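Novice: Sharing a sequence plus its predicted fold:
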Amino acid sequence: MKKISLFALGLMFACNSSQKTVSDNTPTQKGPDVSITYASTITQDELKEHLYIYASDEYEGRETGEPGQKKAVAYLKAQYESMGIPAAKADGDYFQKVPLEVAGVPEGSITINNTTFPIGEDVLTFTMAQGNYKDVVYVGYGVEESTYSDYTGLDVNGKIVLIKAGEPINADGTYVVSGNDEKSVWGNMSEAMEKKSSLAVDKGAKGILYYDAQNFPRYKGYFDFMKTNDSGKMDLAGNASDEFLIMLNEKSATTIKKDIEANPTPENLVISLKLNVESGNEKVDSENVAALLRGTEKPNEYIVISSHLDHIGVSANGEINNGADDDGSGTVALLEIAEAFKTAADAGQGPKRSIVFLHVTGEEKGLLGSRYYTDMDPILPLDQTVANLNIDMIGRIDPKYAGDRNYLYLIGSDKLSTELHNLSEEVNKKYTNIEFDYTYNDENDPNRFYYRSDHYNFAKNNIPIIFYFNGTHADYHRPGDTPDKINYDLLENRSRLIFHTAWEIANRPDRLVVDKAAD
């Protein structure tokens, strides 16, 4: 779609007239309750105006690091500037740079005893590896379990280790670890390499050469796919381990140790090993957007309200994934909640605790922006962060609720703080009367939504959270997730709920008690 004119937006505000509204669910004020006054500034019309811009074709699906995402963060910054809410960072910059990179296949070679192997043929690695070495410690199968250890009498600290696939076998053909004919995890094709590598690193190894003739073709196929399609995983830059792992086939492995196939006995090997492998990772420029409304009485205690600003961009066939619900709905809700708090502050009724309005990048790539904020560069101290209210998809209807629209899935409210859960329930009954569905809060729910949005990075740091979610639908991560399909009356009521909840947390005498342990 093209950029919508104000006249066209006016017509769109009349849409959804056939939908049952929920705005009448807000109870009549009984006595002074100023939060109702400020919650009423969160309106369908303003939510719609924001979203028809934010989820328009002009923003090209807001792919992390792409031009559309840059337009998105510029829009968010402009909104906070116009509201007069300052940046959360002390230097006045609304943008928190999040260093990202996309994994690419490395380039270079390794030379073993004067034989050079280019990366991608007889040797494989997905990380940088540099240096010249004169010895390698062969640790056989690299297994350590109970009374058995391939590391007995060996010092691998700061050294390169050579490990072969498989596990030790007794003379009668049974497996040493299991004591019977069943393989243990050490001999499992899909798990053993990670387990053995982790053990070697724990013992101080700086690099691993791993021989697995059976698994090598599978990893080579993945290497070739990445090289051809340029489709590596995005992660925080510098997040990779300093240690490296190089996979070997029979040709390269026997160059190091001729009898490696038949001989599992650990030993120190004297060889010439030259590693000249450069990273093929591509840097990605992206940023979180963070604004801060200072509290009047407890300015050094913070409530973080969050949503993710990115989406999945343009499909291979050129169709734009606008992400109106995911997470345009959460983004515009956050803008309106911020405006409501600022209106209160301008009237001399600002929150007692500070409110952080945090729009994070890279959620679709693995919760990267929120992980950077919590694990690497918290703009405000985590130990003074009272709660996180995370909004991710609140503008649509789960097919389960087609005939009963006024609902919302809540996840995580009771995981860390009983007080937060009870407060959430009480606020809803008092102001919005939404049916709370805790289906996805179940520890055994196979969807594991608790671990799949940005709140989790706060929860793992022992900060109480609530995740607000309308469930998935047929347009989830598809081009059909467009702003004309949003239920703006629901979006208004759900946004008001989150405002009221934040208001109560911000203005209660004491900070929430954390009475349960994080996972």
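Specialist: Cool, the structure landed.

Novice: Centre-most residue in this protein?
Specialist: The geometric centre of the chain, computed from its C-alpha atoms, lies nearest to residue 367 (C-alpha atoms, centre = their mean), at 1.2 Å.

Novice: Hmm, residue 456 and it touching each other?
Specialist: Yes. Using C-beta atoms under 8 Å, residue 367 is in contact with residue 456, at 6.6 Å. For the C-beta atoms, the positions are set from N, CA and C on the backbone; glycine is no exception.

Novice: What is the neighbour count of residue 322?
Specialist: If you count neighbours by other C-beta atoms under 10 Å, residue 322 ends up with 30.

Novice: in the stretch 401-519 of the chain, which spans are strands?
Specialist: 407-411, 435-437, 465-469 (DSSP state E, counting those that start in this stretch).

Novice: possible to save these as a markdown table with mean pLDDT and mean neighbour count?
Specialist: Shown next, in a markdown table, are the strands of the stretch 401-519 of the chain (pLDDT from 0 to 100; neighbours: other C-beta atoms under 10 Å):
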| stretch | mean pLDDT | mean neighbour count |
| --- | --- | --- |
| strand 407-411 | 98 | 22 |
| strand 435-437 | 98 | 15 |
| strand 465-469 | 98 | 27 |
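
Novice: possible to save these as JSON lines with distance to residue 205?
Specialist: What follows is these, written out as JSON lines (distance: least, C-beta to C-beta, whole Å):
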{"stretch": "strand 407-411", "distance to residue 205": "40"}
{"stretch": "strand 435-437", "distance to residue 205": "49"}
{"stretch": "strand 465-469", "distance to residue 205": "38"}
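
Novice: Among the ones you listed, which comes closest to residue 101?
Specialist: Proximity to residue 101 (C-beta to C-beta) singles out strand 465-469 among these, at 27.8 Å.

Novice: and residue 198, which of the strands of the stretch 401-519 of the chain is closest to it?
Specialist: strand 465-469 (29.6 Å).

Novice: Give the other helices and strands that that closest one contacts.
Specialist: Packing partners of strand 465-469 (3 or more C-beta pairs under 8 Å, 6 or more residues apart in numbering; DSSP states H and E): strand 385-391, strand 407-411, helix 455-459, helix 488-507.

Novice: Output that strand in PDB, but only the C-alpha positions, please.
Specialist: These are the backbone C-alpha positions of strand 465-469, laid out as PDB (Å, rounded to 0.1, in the frame of the first residue of the first chain):
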ATOM      1  CA  ILE A 465       7.100  -9.900  34.000                       C
ATOM      2  CA  ILE A 466       3.800 -10.100  32.200                       C
ATOM      3  CA  PHE A 467       3.600 -11.000  28.600                       C
ATOM      4  CA  TYR A 468       0.400  -9.800  26.800                       C
ATOM      5  CA  PHE A 469      -0.500 -11.800  23.700                       C
END
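
Novice: what does that strand rub up against?
Specialist: Under the contact criterion C-beta atoms under 8 Å, 6 or more residues apart in numbering, strand 465-469 has outside partners 330, 387-394, 408-413, 415-416, 420, 424, 440, 449-450, 453, 455-456, 458-459, 494, 497-498, 501.

Novice: Surely residue 166 and residue 187 touch.
Specialist: Yes. Shown here, residue 166 and residue 187 form a contact pair, counting by C-beta under 8 Å, at 5.8 Å.

Novice: Now do the domain split for this protein, please.
Specialist: 30-100+284-507, 107-280 (automatic domain parsing).

Novice: so can I have JSON lines of those domains showing distance to residue 517?
Specialist: As requested, these are exported to JSON lines (distance: least, C-beta to C-beta, whole Å):
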{"stretch": "domain 30-100+284-507", "distance to residue 517": "8"}
{"stretch": "domain 107-280", "distance to residue 517": "25"}
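
Novice: Highest mean neighbour count out of those?
Specialist: Counting by mean count of other C-beta atoms under 10 Å, domain 30-100+284-507 has the highest mean neighbour count of the domains of the chain, with a mean of 21.

Novice: How far does it sit from its chain's centre?
Specialist: Domain 30-100+284-507 sits 14 Å away from the centroid of its parent chain (C-alpha atoms, centre = their mean, to the nearest Å).

Novice: Any idea what residue 108 is bridged to?
Specialist: Taking DSSP bridges, one finds residue 277 as the beta-bridge partners of residue 108.

Novice: List the contacts of it.
Specialist: Contact partners of residue 108, counting by C-beta under 8 Å, 6+ apart, are 118-119, 129, 275-278.

Novice: can you check residue 175 too?
Specialist: Going by C-beta under 8 Å, 6+ apart, residue 175 touches 167-169, 181-184, 187.

Novice: do that again at 10 Å, thanks
Specialist: Shown in contact with residue 175 (C-beta atoms under 10 Å, 6 or more residues apart in numbering): 166-169, 181-184, 186-187.

Novice: between the residues you listed, which is closest to residue 285?
Specialist: Proximity of the contacts of residue 175 to residue 285 (C-beta to C-beta) peaks at residue 186, which lies at 42.3 Å.

Novice: does the closest one really touch residue 169, like I thought?
Specialist: No. Contact status for residue 186 versus residue 169: not in contact, 11.3 Å apart, counting by C-beta atoms under 10 Å.
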